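*Asks:* Provided below for reference: sequence and predicted model.
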Amino acid sequence: MSVRRIIDTFHEWQQGGEPIVLATVYDTEGSTYSKPGQRILIRGDADYQGLVSGGCLEGDLAERARAVMESGEPVAVTYDMRDEADDLFGLGVGCNGLIRVFLQRLTQEAGYEPFASIARLSLADGSNSVATVIASRSSSLKPGTTLIWDGNPAEVQSSSAPGLERLIAGCEEVQVAGRARYQADDDLAVLYAPLRPVPSVLVLGAGPDAVPVVGIAVELGWRVSVADHRPAYLENDRFEAADRAVLLDPARIDEEFTLSDFDAVIVMSHHLLTDQTYLEQLASIDLPYIGVLGPLARKERLLESLGEAGKALGGRLKGPVGLDIGADSPESIALSLFAEIHWVLSGTGGAAPTVG
């Protein structure tokens, strides 16, 4: 389940005013479906949004969430699937790993914190991190105490400040490292996790082949904007699932968008001069991913016509776009495109892109 879908569900559920349980994976060992920092939400009727396993543990977590809702006290739960005796309890997960989950109640009276702030910052831009106290012997840092850190405390679910410096230091470390870390000693156990914003993509061109591109981005839970200079291309609600669909002057895209806020920009108007105009404005922007649809010769022609701006784009401009999966249709090209974007953003590597 995407973070975006969990957030959308949260906004829907909070309208009812009933308590919700936030379940957070805080430690794992061996082979597990999710890793520390993964979150799901559980409602009083046992409905849940998100996954911490392949659907095997969520039912049991929903039952445990009932007790958390009634008592208001957070609970830490351990599932050790390394033991074959696990089958005796009817779980039969078969992941051969250990997973620990922290359950805490969210209420309307408390503004549904800390998840309300987590949701808000996930749909914004910027780097943040979260510290969640799992266990503690300190009266000032009780289990469930949460610090959301962006250089200044955005939210501190605590009545007093002692021990805050320790949480801040851990948040700063994971913000730099970019991955969650569970730290426990005799006095304090804390999950420190980076809070990454939901990725955002700008699609410059609203032709028929942009429809599956936007569709896949929406399905992934990304923030999606699409723009074109041709009014007819934006009609008939083809892009109603996008966050924004904008009619614009190609020479003035910065009047509609803050380009540096995007994780990826895809240039696909299929009109040479229009694509050139877009790329000229993108050349000076530090973006993780810039791609232009079309064959290699077309990209090289665009770069040459851009002169100094083309040199500035250099090797940053992807084209042909997409990982080589044998794509041969708008839908499969869109799939290969987002496979490449995901690869670039994650930095994990992959096959050389050769499709257009």
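*Replies:* Great, that's in hand.
*Asks:* thought residue 75 was touching residue 68?
*Replies:* Yes: assessed by C-beta atoms under 8 Å, residue 75 is found in contact with residue 68 at 5.5 Å. (Each C-beta comes from the backbone N, C-alpha and C, glycine too.)
*Asks:* list the residues that contact both of these two?
*Replies:* Here residue 75 and residue 68 have residue 103 as joint contacts, going by C-beta atoms under 8 Å, 6 or more residues apart in numbering.
*Asks:* Which one's more surrounded, these two?
*Replies:* residue 68 (21 against 18; other C-beta atoms under 10 Å).
*Asks:* need the contact list for residue 7.
*Replies:* 119, 122-123, 198.
*Asks:* and the next element down the chain from the strand or helix carrying it?
*Replies:* Using DSSP states H and E, the element containing residue 7 is helix 3-14. Later in the chain than helix 3-14, the nearest helix or strand by DSSP H and E is strand 20-30.
*Asks:* List the buried residues for that following strand?
*Replies:* Using 16 or more other C-beta atoms under 10 Å as the test for burial, strand 20-30 gives 20-28.
*Asks:* Using PDB, list the CA coordinates for the following helix or strand past it.
*Replies:* As assigned by DSSP H and E, the chain's next helix or strand after strand 20-30 is strand 39-43. Output of strand 39-43 as PDB, limited to C-alpha atoms (Å, rounded to 0.1, in the frame of the first residue of the first chain):
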ATOM      1  CA  ARG A  39       3.300   2.200   9.200                       C
ATOM      2  CA  ILE A  40      -0.300   1.100   8.900                       C
ATOM      3  CA  LEU A  41      -3.600   2.400  10.400                       C
ATOM      4  CA  ILE A  42      -6.200   0.300  12.100                       C
ATOM      5  CA  ARG A  43      -9.800   1.300  12.800                       C
END
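*Asks:* who does strand 39-43 touch, helix- and strand-wise?
*Replies:* helix 3-14, strand 20-30, strand 48-49, helix 58-71, helix 115-122 (3 or more C-beta pairs under 8 Å, 6 or more residues apart in numbering; DSSP states H and E).
*Asks:* remind me, longest helix of the chain?
*Replies:* Counting residues, the longest helix found in the chain (DSSP state H) is helix 330-346.
*Asks:* Send over that one as CSV, restricted to the C-alpha atoms.
*Replies:* As requested, C-alpha coordinates have been extracted for helix 330-346 and formatted as CSV (Å, rounded to 0.1, in the frame of the first residue of the first chain):
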residue,chain,number,x,y,z
PRO,A,330,2.1,3.3,-24.3
GLU,A,331,1.3,1.3,-21.2
SER,A,332,4.4,-0.8,-21.1
ILE,A,333,6.6,2.2,-21.9
ALA,A,334,5.0,4.0,-19.0
LEU,A,335,5.8,1.0,-16.8
SER,A,336,9.4,0.9,-18.0
LEU,A,337,9.6,4.7,-17.5
PHE,A,338,8.6,4.5,-13.8
ALA,A,339,10.8,1.5,-13.3
GLU,A,340,13.7,3.8,-14.4
ILE,A,341,12.5,6.7,-12.3
HIS,A,342,12.2,4.5,-9.2
TRP,A,343,15.7,3.1,-9.9
VAL,A,344,17.2,6.6,-10.2
LEU,A,345,15.5,7.9,-7.1
SER,A,346,16.5,4.8,-5.0
